[in-house]
Structure formats: C-alpha cells, structure tokens
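J.: let me see the structure of the following:
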Amino acid sequence: MIMEEVKINAQSFQKVTSDQSADQEKISAPSLTFVQDAIRRLCHNKVAVVAFIVLVIMGVLAFLAPVIAPHNPNAQNPDYANLPPRIANSNIPGFRGKIKNAAGVVVDPYKANNVPKNRTYILGTDYLGRDLFSRILYGTRLSLIIAFIAALVDLIIGLPYGIISGWKGGSVDLVMQRIIEIISSVPNLIVAILLLLVLKPGLQSIILAIAFSSWVTMARLIRAQTLKLKEQEYVLASITIGETPLRIARKHLIPNLSSTIIIQTMFSIPSAIFFEAFLSFIGIGIPAPNASLGTLLSDGQKAFRFLPYQMWYPALVLCILMISFNFFADGLRDAFDPKSE
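T.: This is a model prediction of the structure:
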C-alpha cells in the first residue's frame, strides 16, 4: 500500500501571536519565600492549626486574668470552703453545685453553708474557700510566664553559644562542648534544691534553675547546624571578601538557622511548664498563697478521694497546654523541615 504524499505549504503553519507566547512563558504557581511556603504547609496541618488556636485562647484568658477573674484568687473565705462547681440556673452534670459526701449521699453544700443564690463558683472552691477558676487563670499565667522566660534564655544563651562553638571549632569548640557536658550531667532538681539554700522559694529560683541548663539543647543543635553552614559557598565567599564573623552570623547563619531556632524554642516551652509544675507539686516551687498549676495540683491531690474536681481541672489545663504546645511544635517542624515528615 503506497502512502499518499503529504505536501507542506504556507497554509500548514499557524502564526503565533505575542499573547500566546506570553501565556506559554507564564508560571502558574505563585512565587513564595521560604517563610511563606512554611506558613502554607503549616496551615495545611489541621492538628497544628487547632493547637495554635487553643494556645491563643488559653494565653489570652490567662493574661487577662486580672480583668476576667470573677474573684480574688488569694481571698480566703472558710465559710465557703470545698464548694463544688456551680453555674447559675444550669442543669449541666457536674455544675449543679451538688456532690456526694463520704457516705455516698448527694448533698448541696451551697444550701448548707447559706451561700447566696447569686454567688456562684464556676469550678468550685478549695479548702480555704478560694475560687478555683480564678486561681487556675492566675496559675496558668504564671506557668506561661516562666515558660516564655525559659524560651528567652534559650535564645540569649544557647544561640550565641552554639554559633561561637561551631564557628570557631578546634580547641575552642572542644572546651565549650566539655562545659556543656558538665552542665548536662547535673540534674535540674539538684540545681533547684541548691538554689533554695541561697534564695527563697519562688519565681526567681525556678527561673535560675531552668536557665542553668535549659539552653544546652539549643546550643548543641545550633552548633551542629553552624558546622554545616560554615562550609557553604556563600559563607566562604563572605570570608574571602573580608566580612567580619559577626556580620556573617547576622546575614547568613541566623537566617538559615531560623527553622531550628523556632522549632527548638517551641519544644522548650512545654518542658519548662512541666518542670515548674513538678517543683511546685513537691513543695519547692511557687510559695503560698500564689497559684501555679503545680501548687493547684498539689492542693487538689490531698482531697482527691472526696473532692476530685479540685485536681481534675488544673490537671486538665496542664494536659491541654502540654499537648497543644507539642502538636504545634510538631507542625512547625514539618513546615520548616519537610524532609522530617
């Protein structure tokens, strides 16, 4: 079978207009910076977004405690001691102002103590008649303050320490890493107890105990990344043209270390919250009458058998804080370092 001869002439071609040429060269995807791309990936992580919203809500409520707290958190009223949670005109189980006594009989402590009907305690009162809801708000604020101070210490000490150690290398790096190993070998609890011999129990001693060794992990991570970055071509080029180490760190190292800094900072916050709660729980943290999540847990566990709500609510707030910070930190890690997924 003989194939027909195909002739190509001027009509076989179609002239391309300038508009069609521009469409072919157009990039359909938007141009994004590293931070914008990380935020986009973070927004696609629904768990991290929900955790962030929860943290924002809890943070706003905690730092607005002086405004929204219904009662003075340290005001004692023995006549209203151990009142169960009650919301006015509510039929929600657990918030009706009634509780079972030791004999298993449902009683109404509000009526027994002649509490006015217009006076309610959303989460009940403790053994001294202090409003538990107000104390949880103030306790959460104090725990968050300690956590954010610990994160700030990570940045102030751990960041420059890690950069200097990784940049200098050699004997300087060797000595600085041995110092880190010595600090890491001393438990934080021992440091906190030793500080109590010099300082009074309180916010200052807890912050110093956290600051003593909380920056070590940050310093190690920054050092490891600095060792890699200082061998990159753009850093070597900066050294060649005579840039100072400080300027190189500011222009090249810190921007490229931003993901590590943000992620480690977010992971250090829940660790500090738990450490403060642990110290206060065992009685060497925040002194009375100030409230923190640890002191509330310590007070609540003493009457947990008959008044479980006094421990349930502080424990629930602590769990939500820890879980939310960890989920949000995981989302940040996946957003800034997609290879870790």
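
J.: as a whole number, average confidence for stretch 202-217?
T.: Averaged over stretch 202-217, pLDDT sits at 81.

J.: for stretch 300-312, which positions count as buried?
T.: By 16 or more other C-beta atoms under 10 Å, the buried positions in stretch 300-312 come out as Gly300, Leu307, Tyr309, Gln310, Met311. For glycine as for every other residue, the C-beta is placed from the backbone atoms N, C-alpha and C.

J.: so the last one is in contact with Ser298, correct?
T.: No. The pair Met311 and Ser298 fails to qualify as a contact (C-beta atoms under 8 Å) at a distance of 9.2 Å.

J.: list the helices and strands the lengthiest helix in the chain packs on?
T.: Counting residues, the longest helix in the chain under DSSP state H turns out to be helix 309-336. Applying 3 or more C-beta pairs under 8 Å, 6 or more residues apart in numbering; DSSP states H and E, one finds that helix 309-336 contacts helix 34-44, helix 46-63, helix 132-153, helix 258-281, helix 293-302.

J.: which among the ones you listed is found nearest to Ile210?
T.: helix 132-153 (4.6 Å; C-beta to C-beta).

J.: what residues sit buried inside the helix or strand that that closest one is followed by?
T.: With elements assigned by DSSP states H and E, the helix or strand that comes after helix 132-153 is helix 159-168. The neighbour-count check on helix 159-168 (16+ other C-beta under 10 Å) flags Leu159, Tyr161, Gly162, Ile163, Ile164, Ser165, Gly166, Trp167, Lys168 as buried.

J.: for Val35, list the residues it contacts.
T.: Val35 sits next to no residue when contact means C-beta atoms under 8 Å, 6 or more residues apart in numbering.

J.: ok, back up a step: turn the buried residues of helix 159-168 into TSV, including pLDDT and distance to Asn91.
T.: Shown next, in TSV, are those (pLDDT from 0 to 100; distance: C-beta to C-beta, whole Å):
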residue	pLDDT	distance to Asn91
Leu159	90	54
Tyr161	92	58
Gly162	91	57
Ile163	91	60
Ile164	91	63
Ser165	90	62
Gly166	89	62
Trp167	89	65
Lys168	88	68
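
J.: need these in TSV (columns: distance to Leu321).
T.: Shown next, in TSV, are the buried residues of helix 159-168 (distance: C-beta to C-beta, whole Å):
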residue	distance to Leu321
Leu159	25
Tyr161	28
Gly162	27
Ile163	31
Ile164	33
Ser165	32
Gly166	33
Trp167	36
Lys168	38
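
J.: out of the residues you listed, which one sits closest to Ala65?
T.: Leu159 (31.3 Å).

J.: so where's the chain uncertain?
T.: The chain contains residues with pLDDT under 70 at 1-7, 10-32, 34, 101-104, 337-341.

J.: was I right to think Val107 contacts Ile99?
T.: Yes. The pair Val107 and Ile99 qualifies as a contact (C-beta under 8 Å) at a distance of 6.7 Å.

J.: so between these two, which is more surrounded?
T.: Applying other C-beta atoms under 10 Å to Val107 and Ile99 shows that Ile99 carries more neighbours, namely 21 against 13.

J.: residues touching that one, list them.
T.: The contact partners of Ile99, taken as C-beta under 8 Å, 6+ apart, are Pro84, Val106, Val107, Pro109, Leu307.

J.: can you check Thr265 too?
T.: Counted by C-beta under 8 Å, 6+ apart, Thr265 has contacts Ala151, Asp154, Leu155, Met218.

J.: and for Asn290, the neighbour number?
T.: 17.

J.: for Asp108, see how far away the nearest residue to Ser90 once chain neighbours are set aside is.
T.: Leaving aside its sequence neighbours, Ser90 sits nearest to Arg96 (C-beta to C-beta, 6 or more residues apart in numbering; 6.7 Å). As for Arg96, its distance to Asp108 is 9 Å (criterion: C-beta to C-beta, to the nearest Å).

J.: how about Gly59?
T.: 36 Å.

J.: how's the protein carved up into domains?
T.: For the chain, automatic domain parsing gives the domain ranges 56-79+130-340, 84-120.

J.: which of those domains has the highest mean neighbour count?
T.: domain 56-79+130-340 (a mean of 18; mean count of other C-beta atoms under 10 Å).

J.: surely Asn82 is in contact with Leu128?
T.: No. Using C-beta under 8 Å, Asn82 is not in contact with Leu128; the gap is 9.3 Å.

J.: so between the two, which is more surrounded?
T.: Taking neighbours as other C-beta under 10 Å, Asn82 and Leu128 compare with Asn82 leading, 19 against 16.
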